[in-house]
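Peer 1: With the input below, show me the fold.
(2 chains)
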Amino acid sequence: MNNEFEDVRITELAELSAERLDALPFGVIEFTPDAIVTVYNATESRNAGLSPQRVLGKHFFEEVAPCMNNFMVAQRFDDVDELDEIIPYVLTLRMRPTPVRLRLMKAQSCATRFVLIERSTAN
Amino acid sequence: MSTLNTDRNDVESEYEALLSFMYLSPVGIVRSDKSGFVDMMNPLAAQLLMPLVRGGNIENIFDTLASVAPELRNLVASFEAERGPVCENHRVFVTLTKDDAVVLACSIIKVSADVLMMVLTDISRQVAAERRARQTESWLAGIYTGVNDFAFFTLDAQGCIDSWNPSVERLTEFREADVIGHMLSRFYANDEIVLHRSPERIALTRDDGWHVEEFWCETKAGRRYWGQVLVAVLREEDCEISGYSVVLRDITERKIHSDNLARLLTTDHLTGVTNRAHFFEIAESEVARAGRHGRALSLVMFDADHFKRINDAAGHQAGDEVLKRIAGEAKALLRRSDIVARLGGEEFVLLLPSTTAGEAMVVAERLRVAVEQALIETAVGQLKATISLGVASLGDETQTLQDLLAAADHALYNAKQAGRNCVRGAIAEPEGAALSVSAREEGDAIPT
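Peer 2: Residues are numbered from 1 along each chain as shown, chains lettered A, B, ... in the order given. You can find the predicted model right below:
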């Protein structure tokens, strides 16, 4: 269970119920190929201080998380068909620079894409 | 009354609305203490800064920007007032190329003794537009300004002067027989010939349709003046180039006024060498020039060994003295056509036109020895420093400025791995390395 952040597969995520997603210890954001947010789980909502109502249906990179709208994250989703990478990153949750790990996931077998966000254990 | 409950909801939703407002702010905002430790920042700041850091650490804003804007730390340190604007729209050149260059504008406000607010804006598009506007402006200036300052004449398709009129004599004192059949270089001051060869200017003109450049000229009697030349292509109806029209004017007075400004914009404030932004401008055109004419060009990247240790042990001011001395040793060693620039932090680069890899290795070694032997005076006593150097040259594998920088960077990395205080080349070239430096100086003196 400890490595759920690293091990969980995109197909599994796509099947999980809203309750199970909310129970995960890391942030989960699911969005469509045109970047419209379809899932914003409770962990992420708590960390970022934004309620799901404010985020669902919005453009993820333009309206929700402009900090990921660069070649390191947003561009990666455009560049390749299959993506499963973990990168160190700094998010500004509630304007506090916070070291995190991002897991970027995209697969041809799955209609939606995921960004998983894990706050570094050091914090 | 249920006002308490309503208030609480209002506060919560107000808080969320404020967060959302900050998340979507289209400029980057960073708050730090006076030594740069970040306390708060918004997502756009992270978006702009993340590409600058490896492994995603933005703890200290000055460290994060050190590789592209080392001057910020000094700007803040030397700002003595209790509060006020430290810098406004200070330009930070993040990427290396002219095309799609990433440029940030940085404003810093000192709010109190230990609080800094920084605003970062991506102005890449604005800078690109300015570059185009500047070109148009100098072209228009060429048309509108009074005709008396000008000499008009034309060149044939090969670049030889093929017409003359009294305006040429009025400005340059050369008569018809002095100039017909000569190249544009007829008008240059002697020491400009190495840098400004007219066939190359002609080639630039052919590519773009017109071209403006400024350089030192000399009249027939030997009076020096700062000349601006505008060359435009003349075409026949079939679009073949039939020749060029040239406007040459004396703008010495304007140059004297703008020299001070130009110095501020093109030199590194600490070391007095070429700054990062200006280096990329020059280097791009030098690489293109060398490529067009199949000439050698080398680049030496170097940095101070264990510089952080020097800063930690002796302080930032002593570190600054070390950087100044390293830059000074490099300047003392170079020819006029060579360029030494500070890329950021403790990292420098030499650009050596018409210099092969072997010759550049010799120059790099001389610089290494010069720095190793220097006794550097600082407020905390004499210091010694060493540098590691990486050399790369134009070749089949390295054709662009990016290639060169990457190859030199890799060689520099090898020098660090080999124990520092040494020179490494991008390619092994045992015979070339044996070339003497005097051969290089000789080669330089040959006019083309």
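
Peer 1: Quick check: what element follows whichever strand or helix holds residue B:309 along the chain?
Peer 2: Residue B:309 is part of helix B:307-314, with elements assigned from DSSP states H and E. Helices and strands here follow DSSP H and E; after helix B:307-314, the next one along the chain is helix B:316-333.

Peer 1: tally of neighbours for residue B:408?
Peer 2: Residue B:408 sits with 27 neighbouring residues when counted by other CB atoms under 10 Å in any protein chain shown. In this view, the C-beta of every residue, glycine as well, is placed from N, C-alpha and C.

Peer 1: helix/strand/coil for residue B:159?
Peer 2: What DSSP: H, G, I helix; E, B strand; the rest coil gives for residue B:159 is coil.

Peer 1: Which strands and helices lie in contact with the helix holding residue B:309?
Peer 2: helix B:316-333 (3 or more CB pairs under 8 Å, 6 or more residues apart in numbering or on different chains; DSSP states H and E).

Peer 1: Dump the helix it packs on to PDB, keeping only the CA atoms.
Peer 2: C-alpha atoms of helix B:316-333 as PDB (Å, rounded to 0.1, in the frame of the first residue of the first chain):
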ATOM      1  CA  HIS B 316      30.100  36.900  -1.100                       C
ATOM      2  CA  GLN B 317      32.300  40.000  -1.400                       C
ATOM      3  CA  ALA B 318      35.500  38.000  -1.600                       C
ATOM      4  CA  GLY B 319      33.700  35.700  -4.000                       C
ATOM      5  CA  ASP B 320      33.000  38.700  -6.200                       C
ATOM      6  CA  GLU B 321      36.700  39.700  -6.100                       C
ATOM      7  CA  VAL B 322      37.600  36.200  -7.300                       C
ATOM      8  CA  LEU B 323      35.100  36.500 -10.200                       C
ATOM      9  CA  LYS B 324      36.500  39.900 -11.100                       C
ATOM     10  CA  ARG B 325      40.100  38.700 -11.100                       C
ATOM     11  CA  ILE B 326      39.200  35.600 -13.300                       C
ATOM     12  CA  ALA B 327      37.400  37.900 -15.800                       C
ATOM     13  CA  GLY B 328      40.400  40.200 -15.700                       C
ATOM     14  CA  GLU B 329      42.900  37.400 -16.400                       C
ATOM     15  CA  ALA B 330      40.700  36.300 -19.400                       C
ATOM     16  CA  LYS B 331      40.500  39.900 -20.800                       C
ATOM     17  CA  ALA B 332      44.200  40.300 -20.500                       C
ATOM     18  CA  LEU B 333      44.800  37.200 -22.600                       C
END
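
Peer 1: If I take whichever helix or strand comes after it and helix B:316-333, what angle do their directions form?
Peer 2: The C-terminal neighbour of helix B:316-333 among helices and strands, as given by DSSP H and E, is strand B:339-344. Between the axes of strand B:339-344 and helix B:316-333, defined by axes from the mean of the first three to the mean of the last three CA atoms, to 10 degrees, the angle is 160 degrees.

Peer 1: average pLDDT for strand B:339-344?
Peer 2: The average pLDDT for strand B:339-344 rounds to 92.

Peer 1: likewise stretch B:133-143?
Peer 2: Stretch B:133-143 shows a mean pLDDT of 62.

Peer 1: still on that earlier bit, so what touches the helix holding residue B:309?
Peer 2: With contact meaning CB atoms under 8 Å, 6 or more residues apart in numbering or on different chains, helix B:307-314 is reached by B:304, B:318-319, B:322, B:345-346, B:378, B:380, B:383, B:385.

Peer 1: can we see that at 6 Å?
Peer 2: B:319, B:322, B:346, B:380 (CB atoms under 6 Å, 6 or more residues apart in numbering or on different chains).

Peer 1: Please convert the buried members of those into PyMOL selection syntax.
Peer 2: Here is the PyMOL command that selects the buried residues among the contacts of helix B:307-314 (16 or more other CB atoms under 10 Å in any protein chain shown):
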select buried, chain B and resi 319+322+346
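
Peer 1: Show me which residues of the host helix or strand of residue A:44 are buried.
Peer 2: Assigned by DSSP H and E, residue A:44 belongs to helix A:42-48. Residues of helix A:42-48 classed as buried by neighbour count (16+ other CB under 10 Å): A:42-45, A:47-48.

Peer 1: ok, now stretch B:210-230?
Peer 2: Buried residues in stretch B:210-230, counted by 16+ other CB under 10 Å: B:211-212, B:214-219, B:225-230.

Peer 1: Parallel or antiparallel, list what pairs with the helix or strand harbouring residue B:243.
Peer 2: Residue B:243 belongs to strand B:241-250 when elements are defined using DSSP H and E. According to DSSP bridges, strand B:241-250 has the following sheet partners: strand B:150-156 (antiparallel), strand B:224-235 (antiparallel).

Peer 1: could you dump these to JSON lines with mean pLDDT?
Peer 2: Formatted as JSON lines, the strands paired with strand B:241-250 follow (pLDDT from 0 to 100):
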{"stretch": "strand B:150-156", "mean pLDDT": "84"}
{"stretch": "strand B:224-235", "mean pLDDT": "82"}
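
Peer 1: Residue of chain A closest to chain B, please.
Peer 2: Proximity of chain A to chain B (CB to the nearest CB) peaks at residue A:67, 3.2 Å away.

Peer 1: number of nearby residues for the closest residue to that residue other than its chain neighbours?
Peer 2: When the adjacent residues along the chain are set aside, residue A:67 lies closest to residue B:43, with 3.2 Å between them (CB to CB, 6 or more residues apart in numbering or on different chains). Neighbour count for residue B:43, taken as other CB under 10 Å: 24.

Peer 1: residues touching residue B:43, list them.
Peer 2: A:66-67, A:92, B:23.

Peer 1: Neighbour-wise, give me the winner out of the residues you listed.
Peer 2: Ranked by the number of neighbours (other CB under 10 Å), the contacts of residue B:43 place residue A:92 first, at 27 neighbours.

Peer 1: Just the pLDDT for that residue.
Peer 2: 85.

Peer 1: May I have the beta-bridge partners of it?
Peer 2: Beta-bridge partners for residue A:92, by DSSP bridges, are residue A:97.

Peer 1: residues contacting it?
Peer 2: Applying CB under 6 Å, 6+ apart, we find residue A:92 in contact with A:67, B:41-43, B:46.

Peer 1: Take these and keep only those in helices.
Peer 2: Of the positions in those, B:43, B:46 sit in helices, assigned by DSSP state H.

Peer 1: residues from chain B in reach of chain A?
Peer 2: B:19, B:22, B:38, B:40-44, B:46-47, B:55-56, B:58 (CB under 6 Å from any CB of the partner chain).

Peer 1: Would you agree residue B:392 is in contact with residue B:402?
Peer 2: No - under the criterion of CB atoms under 6 Å, residue B:392 is not in contact with residue B:402, lying 11.2 Å apart.

Peer 1: Neighbour count: the two, which is higher?
Peer 2: Remark: of residue B:392 and residue B:402, residue B:392 carries more neighbours, 27 against 14, as counted by other CB under 10 Å.
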